[in-house]
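**Student:** need coordinates for the below:
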Amino acid sequence: MRRLYLQIYVAFLGILLLFGVLVSIAWLLIPTNPQHHPTLDGIGAVLGELLPGPDQPVDELQAALARLGNFFPAHLTVRRADGALLAVVGPPLPAPPSDQTQSGWLRSWSAGPTIALLLPDGRSVVVRWLHHHGTFGWLGALGLLATAIALGAYPIVRRITRRLERLQARVDALGAGDLATRVEVEGNDEVANLARSFNRAVDRIERLVNAQRTILAGASHELRSPLARMRMAVELLQGKDRPELRARLSQDIAELDELIGELLLASRLDTLDHVERTEDVDLLALLAEEGARTEAEVSGEPVSIQGDPRMLRRLIRNLLENARRYAGGSPIEASVVPLNHTGARLRIADRGPGVPEPERERIFEPFYRPAGMRERGDGGVGLGLALVRQIARHHGGNARCLPRKSGGTCFEVELRTVQSVSS
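**Tutor:** Take a look at the predicted model:
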């Protein structure tokens, strides 16, 4: 049973049932109040005077008992000391226990309160008062009461847990990246306090994330200006004046420009819920075009999906550049195949040193680079694979790193057709 409201409700019903059982046991086991015995014995003595004696005919006793029955809404049964039935009004009632020496209440599961009155001559009169519900019994009344309580408790329990379910839905939405989600605060109890705490936490998270995005976007844009000035300075250098400096400066500018482009794309992908612009993209043609830049061996079947062509081009380029950078000069194999008529699977494989298993997920984290790679100065900054996974997820798929049996690394990306949110 996984629903919280059902667990609470069943627990409540269990407590109610246990309470009923304990009350029943107490009714059967706890002795009656001894202060009542003299009163009941007095009533028995009065009845002994009103009823014909044990030596009188049974017909007279029956007639006298019938007259009493006309005055009291009760069933009456007269028995001898040995329990034999003498006279009755209504259905015969059970005889009192043989060890009972005083008048008192009889423990009974049947309907209505029952009293055994012991007469001075040894006979007993068992009296059961009638009530408006017939002989359904106090157990029936207790059952109806329990049913009423159970029915009344259900909407209360459901109302409390429904608020928890709405809170869970908002937590799931926050986990999916919806920073605008909030919980409606209802009432003034612990659940309401939890909703207020959640809203305050989301407000703070949203402010922090927006501040980070603003800083990132602002810094990236601000870097464009000095880049432009550096590029202009390179153009103004004399043609053969220190060509090695000019080449190095041009390379640094290209790498910095690429880094800024990746930062801007990563920041924009963080703010997107859906791909903004889609069109038919021939993945095999796009793979072949980008593969020519890295001399990759391209194979597969023509597959077209609906997606953003610029994002998909960046995804393929980053994978191929990553393979070229770390493959150690080994051939790069790139392929694309259809995937269940709803998308495609890209594979970029190489024969390089491979990626250790503990790092196959970490290499998709922004700015993460395996140990020793930062010192190589190969131009990578650790954003390429993070962008690959972001773009893949924005196209309904994912990216993962797999080992190759004969050595090397294989990056596998699944892509699905997506619908544009703008038309």
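**Student:** so how far is stretch 391-402 off the chain centroid?
**Tutor:** Distance, stretch centre to chain centre, for stretch 391-402: 26 Å (Cα atoms, centre = their mean, to the nearest Å).
**Student:** same question for it: list its buried residues.
**Tutor:** For stretch 391-402, burial by neighbour count (16 or more other Cβ atoms under 10 Å) applies to Ile391, Ala392, His394, His395, Gly396, Gly397, Ala399, Cys401. Every C-beta, even on glycine, is put in place using the N, C-alpha and C of the backbone.
**Student:** export those to CSV and tack on secondary structure, distance to Ala334 and pLDDT?
**Tutor:** As requested, these are exported to CSV (DSSP: H, G, I helix; E, B strand; the rest coil; distance: Cβ to Cβ, whole Å; pLDDT from 0 to 100):
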residue, secondary structure, distance to Ala334, pLDDT
Ile391, helix, 16, 89
Ala392, helix, 15, 90
His394, helix, 21, 86
His395, coil, 18, 88
Gly396, coil, 21, 87
Gly397, coil, 17, 90
Ala399, strand, 14, 93
Cys401, strand, 15, 92
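**Student:** wait, doesn't Trp129 sit right on Gly90?
**Tutor:** No. Trp129 is beyond contact range of Gly90, at 11.0 Å (criterion: Cβ atoms under 8 Å).
**Student:** for beta bridges, what are the partners of Ser304?
**Tutor:** Asp282 (DSSP bridges).
**Student:** before we move on, the earlier item: which neighbours do Trp129 and Gly90 share?
**Tutor:** Common neighbours of Trp129 and Gly90 (criterion: Cβ atoms under 8 Å, 6 or more residues apart in numbering): Ala74.
**Student:** so who does the closest residue to Phe364 other than its chain neighbours touch?
**Tutor:** Counting by Cβ to Cβ, 6 or more residues apart in numbering, Phe364 lies nearest to Arg389, which is 4.7 Å off, once chain neighbours are set aside. Shown in contact with Arg389 (Cβ under 8 Å, 6+ apart): Phe364, Asn398, Ala399.
**Student:** tell me who's in contact with the closest residue to the second one other than its chain neighbours.
**Tutor:** Spatial nearest neighbour of Asn398, excluding adjacent residues (Cβ to Cβ, 6+ apart): Ala392 at 5.4 Å. Contact criterion Cβ under 8 Å, 6+ apart gives Leu315, Asn398, Ala399, Val413, Glu414, Leu415 as the residues in contact with Ala392.
**Student:** any idea how far the spatially most central residue of the chain is from Val191?
**Tutor:** Central residue of the chain (Cα atoms, centre = their mean): Gln168, 6.0 Å from the mean position. Here Gln168 is placed at a distance of 12 Å from Val191 (Cβ to Cβ, to the nearest Å).
**Student:** and what of Ser103?
**Tutor:** If you go by Cβ to Cβ, the gap between Ser103 and Val191 works out to 55 Å.
**Student:** would you mind telling me which of those two has the busier surroundings?
**Tutor:** When Ser103 and Val191 are compared for neighbours, Ser103 comes out ahead with 25 against 20, by other Cβ atoms under 10 Å.
**Student:** pLDDT at that one, what is it?
**Tutor:** pLDDT for Ser103: 82.
**Student:** which residue packs closest to it, ignoring adjacent ones?
**Tutor:** With sequence-adjacent residues excluded and distances taken as Cβ to Cβ, 6+ apart, Ser103 is closest to Leu40, at 3.5 Å.
**Student:** which SSE is that neighbour in?
**Tutor:** helix 36-50 (DSSP states H and E).
**Student:** and the helices in the stretch 151-300 of the chain?
**Tutor:** With DSSP state H, counting those that start in this stretch as the criterion, the stretch 151-300 of the chain has helices at 190-236, 243-271, 283-294.
**Student:** pick the most deeply packed of those helices.
**Tutor:** Highest mean neighbour count among the helices of the stretch 151-300 of the chain (mean count of other Cβ atoms under 10 Å): helix 283-294, with a mean of 18.
**Student:** now for that one, which elements pack on it?
**Tutor:** Here helix 283-294 touches strand 297-300, helix 309-326, strand 333-339, strand 343-350, going by 3 or more Cβ pairs under 8 Å, 6 or more residues apart in numbering; DSSP states H and E.
**Student:** go with 7 Å
**Tutor:** With contacts taken as 3 or more Cβ pairs under 7 Å, 6 or more residues apart in numbering; DSSP states H and E, helix 283-294 sits against strand 297-300, helix 309-326, strand 333-339.
**Student:** wait, isn't His75 in contact with Leu93?
**Tutor:** Yes. Shown here, His75 and Leu93 form a contact pair, counting by Cβ atoms under 7 Å, at 6.0 Å.
**Student:** and the helices in the stretch 1-150 of the chain?
**Tutor:** Under DSSP H, counting those that start in this stretch, the stretch 1-150 of the chain gives helices at 4-29, 36-50, 58-71, 137-175.
**Student:** what angle sits between the second one and helix 58-71?
**Tutor:** Taking axes from the mean of the first three to the mean of the last three Cα atoms, to 10 degrees, helix 36-50 and helix 58-71 form an angle of 120 degrees between their directions.
**Student:** average pLDDT for helix 36-50?
**Tutor:** Mean predicted confidence for helix 36-50 is 77.
**Student:** for Gly352, which non-adjacent residue is spatially closest?
**Tutor:** Nearest residue to Gly352, sequence neighbours excluded (Cβ to Cβ, 6+ apart): Ala327, at 4.1 Å.
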